[in-house]
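[1] return atomic coordinates for the entry below.
(chains A and B)
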Amino acid sequence: MDFLNAIVALANFVIIPAVAYGSQLALGALGVTLIYGILRFSNFAHGDTMAFGTMVTILVTWWLQAQGITLGPLPTALLALPFGILGCMALLLLTDKLVYRFYREQKAKPMILVIVSTGVMFIMNGLVRLIIGPDDQRFADGERFIITAREFKQMTGLQEGLALKTTQGITVVTAVVVVALLFWFLNRTRTGKSMRAYSDNEDLALLSGINPERVVTYTWLIVAALATVAGTLYGLDKSYKPFVYFQLLLPIFASAIVGGLGSPIGAIAGGFVIAFSEVTITYAWKKVLGYLMPDSLAPDGLVQLLSTDYKFAVSFVILLIVLLFRPTGLFGGKSA
Amino acid sequence: MNESLKNTALFLLVAVLIVITGVSQSWNAALLILNMGLVSAIMAIGVNLQWGFAGLFNVGVMGFVALGGLAVVLVSTDPVSEGWSAGGWQILLGLVLGAATITAAVLAYGRLPKGRTRALAVLAILVVGFFVYRAVFDPGVEAVEAINPAGAGNIGGLGLPVLLAWPAGGLLAAGAAWLIGKTALGLRSDYLAIATMGIAEIIIAVMKNEDWLARGVKNVVGLPRPLPYEIDLQNDAGFVASAANLGLDPVTASTLYVKLGYSLLFLVVLLMLLWMAQMALKSPWGRMMRAIRDNEIAAEAMGKDVTRRHLQVFVLGSAICGMAGAMMTTLDGQLTPGTYQPLRFTFLIWVMVIVGGSGNNFGAILGAMLIWFLWVQVEPIGLWLMQVITAGLPDGSALKAHLIDSAAHMRLLTMGVLLLVVLRFSPRGLIPEK
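    You can find the predicted model right below:
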């Protein structure tokens, strides 16, 4: 019984939150990695792109809610998500046309593009703050839980409860669907194949008649979709605050680099590596160990390796370890 | 128009802008802008050293600036003797043990033959070391933070003159930069960017949460200052008399006196650093740095140790940022870790360097003064603009209220547009590199 309780406690406090957070990071990291693979720079504006897409989703959600349209037990935001994606697509295509294309034609150094992306970051950040303000926004509605801790206890008779939030369920399901769609697109369609070809070897791709501008446009469209979905899921699961999205940049970059920049599978793996390490290292293990160990050995303290305030440090240390020992990442992305 | 004339004109423009502020708003506001502009100029010199001379993309400026601020607390405040006797030494011992663990792990990694034994040994050292470190460190922290948490709860500083904190801030930042540079330099250039961004966030997290160090988010206020307090000046009969001679009331005169004093101090430091940076730029060392920047492979083929030079310039630039951070905290008179924002302390400095002209020290200074002026003044201008735009809307309309409320966020937008416009149409900045 104690063993089961320990497993339930572990699932409740570590596995479920980490899977949800990992899915969100993976979606974010996929966007970063795609831009890196195709456009060949680290996009510092990605966090704010997520914030922008989510903001459009939130505004549409509010409008739908005001019209009395809801999805019943599911959050209305899911209904608004396509509009958010469209808004984000429009913004990214516009930035590409106004800003990035010029440097692409100049064949500017990647560093210059990174600096340009920080300029874009300022603008997007300013836009989001101008439109929705810097404060916390709540937009989740519908049923809050799939299973509450109390129901689970009654069902199983265990001491420990297991709560599964609707947002966590939706996060995982959506992430699986989106990733499946993305891989289908990249591996099975002509455009997807041309994108991969372009990412592998630009010159060969150009020689074989692939239109680079088309590849770039598709990349931005996909990145907009990924960023908005990731941002909305994160916002539903936690809460929406523009500044938090800027801070997500670090774990997202860490995920993409840990997996190997330019490698989509790596981005997903990296997302989960970072999420699981963050949650396990900042989780207080007292409860789980209390069930597993005999009473005499039960720990006195919280058995928390690191306080949650340092969760950034965890992704950072993992990033450093990977950079030191395997600079191309777990799945061998690009290194130069 | 010849070049030096144009440059002088640009500097004069900034001076005129500040004078206009003085005449139209108040001289206190103008001096505030000038002082922060001078501090920003020092930060810009540091970033310019890294980016303009060596092409290193450091997005951790905020962290080094914050370390400089920490140095002010650690150097200039009085030691809290109860804190030291309760657990200060234990904390130090814990930190030493932690550092020893990492050193031992690095040594073991370097010395032992490759294989599973090495991996296990390094892991064992780290795990055992971590628990020993926590066992020593945690009780010490608890003991220190328990002492008078409302007023102290930290170990305090050394009680030295505050001016010493400026070089100390530089040293602290240099140490952090050495650690980060040692690991991240020599890898791809954008990895350095991400690594520095991470270290900056961690430095801020440590400063916010380690209350024993500098009281965390409880802030340290009333830091010692190198100049007299306004209230003492107002009570000084001689000062009041000379203020009256100038036709000023004693309150205004005392605030202006103190601010001007800071301006002079900052100007001295700035000129010193500018002179050093100029000499460095002209020296063989500066030529070598630029050669490395322009073509690393060629420089390496000529026998230059690229990674070592990068580390050197990275540490130097970060030290300058740390020093500027210490000066800023001295000017504020308080350390508030919650106010360090990457957009304001990292990316804004970048805008300054790029707008001013990367690779040119005068450009960096000009950019810093100009951008800081805009950063301060865009808010009132934005408010005015919003009021003009919304003038047609009825009073009390939600849109009008929203637009006027959000005028404060115009500055981010303006900075982004400015950066992109300069990068596009004048990528070498206002005063280009020679």
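
[2] domain map for chain B?
    When chain B is parsed with automatic domain parsing, its domains come out as B:3-79+B:156-425, B:80-155.

[3] can you add mean neighbour count and give the ones you listed back as a markdown table?
    Every residue, glycine included, has its C-beta placed from N, CA and C. Listed next are the domains of chain B as a markdown table, based on neighbours: other CB atoms under 10 Å in any protein chain shown:
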| stretch | mean neighbour count |
| --- | --- |
| domain B:3-79+B:156-425 | 20 |
| domain B:80-155 | 16 |
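
[4] out of these, nearest to residue A:207?
    For residue A:207, the closest of the domains of chain B is domain B:3-79+B:156-425, at 26.3 Å, according to CB to CB.

[5] can you tell which of the domains of chain B is closest to chain A?
    In terms of CB to the nearest CB, the element of the domains of chain B nearest to chain A is domain B:3-79+B:156-425, at 3.0 Å.

[6] ok, is stretch A:234-250 in contact with chain B or not?
    Yes: counting by CB under 8 Å from any CB of the partner chain, chain B has neighbours in stretch A:234-250: A:246-247, A:249-250.

[7] got a markdown table for the domains of chain B, with distance to chain A and mean pLDDT too?
    Supplementary listing: those in a markdown table, determined by distance: least, CB to the nearest CB, whole Å; pLDDT from 0 to 100:
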| stretch | distance to chain A | mean pLDDT |
| --- | --- | --- |
| domain B:3-79+B:156-425 | 3 | 90 |
| domain B:80-155 | 8 | 86 |
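
[8] remind me what the helix or strand harbouring residue A:245 packs against, helices and strands.
    Residue A:245 is part of helix A:242-247, with elements assigned from DSSP states H and E. Contacts defined by 3 or more CB pairs under 8 Å, 6 or more residues apart in numbering or on different chains; DSSP states H and E place helix A:242-247 against helix A:46-67, helix A:110-132.

[9] state the helix or strand in which the nearest residue to residue B:356 once chain neighbours are set aside lies.
    Computed as CB to CB, 6 or more residues apart in numbering or on different chains, the closest residue to residue B:356 that is not its neighbour in sequence is residue B:367, at 2.1 Å. For residue B:367, the host element (DSSP H and E) is helix B:361-389.

[10] quick one: that helix to helix A:110-132, angle?
    Between helix B:361-389 and helix A:110-132, the angle comes out at 20 degrees (axes from the mean of the first three to the mean of the last three CA atoms, to 10 degrees).

[11] which SSE is immediately downstream of the helix holding residue A:245?
    From helix A:242-247, the next helix or strand downstream (DSSP H and E) is helix A:249-259.

[12] just want the angle from whichever helix or strand comes after that following helix to helix A:249-259.
    Remark: after helix A:249-259, the chain's next helix or strand is helix A:264-282, criterion DSSP H and E. Interaxial angle, helix A:264-282 versus helix A:249-259 (the same axes, to 10 degrees): 120 degrees.

[13] for helix A:264-282, packing partners?
    If you count contacts as 3+ CB pairs under 8 Å, 6+ apart, helix A:264-282 packs onto helix A:16-39, helix A:166-188, helix A:249-259, helix A:311-325.

[14] pick the most buried one from those.
    When the helices and strands packed on helix A:264-282 are scored by mean count of other CB atoms under 10 Å in any protein chain shown, the highest mean neighbour count falls to helix A:249-259 (a mean of 30).

[15] from the chain's centroid, how far away is it?
    Relative to its parent chain, helix A:249-259 has a centroid offset of 10 Å by CA atoms, centre = their mean, to the nearest Å.

[16] and the angle from that helix to helix A:46-67?
    Compare the direction of helix A:249-259 with that of helix A:46-67 by the same axes, to 10 degrees and you get 120 degrees.

[17] now do helix A:249-259 against helix A:16-39, angle only.
    Relative orientation of helix A:249-259 versus helix A:16-39 (the same axes, to 10 degrees): 70 degrees.

[18] got the angle for helix A:249-259 vs helix A:311-325?
    Counting by the same axes, to 10 degrees, helix A:249-259 lies at 30 degrees to helix A:311-325.

[19] packing partners for helix A:249-259?
    Short answer (3+ CB pairs under 8 Å, 6+ apart): helix A:249-259 packs on helix A:16-39, helix A:46-67, helix A:264-282, helix A:311-325, helix B:189-209.

[20] indicate which one of the helices and strands packed on helix A:242-247 is closest to residue A:258.
    Distances from residue A:258 to each of the helices and strands packed on helix A:242-247 were compared by CB to CB, and the smallest falls on helix A:46-67, at 16.0 Å.

[21] and the helix or strand following the closest one, how far from the chain's centre?
    Moving toward the C-terminus from helix A:46-67, the next helix or strand (DSSP H and E) is helix A:77-95. Here the centre of mass of C-alpha atoms in helix A:77-95, compared against the chain's by CA atoms, centre = their mean, lies 16 Å away.

[22] helix A:77-95 near chain B anywhere?
    No: remark: helix A:77-95 sits outside contact range of chain B, by CB under 8 Å from any CB, the gap being at least 9.5 Å.

[23] with stretch A:286-296 instead?
    No: no part of stretch A:286-296 sits close enough to chain B to count as contact by CB under 8 Å from any CB; the gap is at least 14.2 Å.

[24] which residue, neighbours along the chain excluded, lies closest to the residue of the stretch 151-300 of chain A found nearest chain B?
    Per CB to the nearest CB, residue A:253 is where the stretch 151-300 of chain A lies closest to chain B, at 4.8 Å. With CB to CB, 6+ apart as the criterion, residue A:253 has its nearest non-adjacent residue at 4.8 Å, and that residue is residue B:194.

[25] could you do residue A:108 as well?
    residue A:116 (8.0 Å).

[26] still on that earlier bit, how about the domains of chain B in a markdown table, adding distance to residue A:110?
    Conversion of these to a markdown table gives the following (distance: least, CB to CB, whole Å):
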| stretch | distance to residue A:110 |
| --- | --- |
| domain B:3-79+B:156-425 | 7 |
| domain B:80-155 | 31 |
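
[27] and of those domains, who's closest to residue A:143?
    Closest approach to residue A:143 among those (CB to CB): domain B:3-79+B:156-425, 30.9 Å.

[28] what is the end-to-end distance of the closest one?
    Between the opening and closing residues of domain B:3-79+B:156-425 we find a distance of 19 Å, counting by CA to CA, to the nearest Å.

[29] report the distance from it to the chain centre.
    5 Å.

[30] check which helix or strand the residue nearest to the spatial centre of chain B maps to.
    Nearest to the mean C-alpha position of chain B, by CA atoms, centre = their mean, lies residue B:65 at 2.5 Å. Counting by DSSP H and E, the secondary-structure element that holds residue B:65 is helix B:61-76.

[31] quick one on the thing from earlier: which SSE is immediately downstream of the helix holding residue B:367?
    helix B:398-405.

[32] so which residues make contact with that next one?
    Taking contacts as CB atoms under 8 Å, 6 or more residues apart in numbering or on different chains, the residues outside helix B:398-405 that touch it are A:133, B:383, B:386-387, B:389-390, B:393-394.

[33] let's see it at 6 Å
    Contacts made with helix B:398-405 from outside it, assessed by CB atoms under 6 Å, 6 or more residues apart in numbering or on different chains, are listed as B:386, B:390, B:393.

[34] and which of those residues is nearest to residue A:74?
    For residue A:74, the closest of the contacts of helix B:398-405 turns out to be residue B:393, at 37.2 Å, with distances computed as CB to CB.

[35] and the nearest residue to the closest one once chain neighbours are set aside, how far is that from residue A:58?
    Closest residue in space to residue B:393, ignoring its immediate chain neighbours: residue B:400 at 4.3 Å, by CB to CB, 6+ apart. Counting by CB to CB, to the nearest Å, the gap between residue B:400 and residue A:58 amounts to 22 Å.
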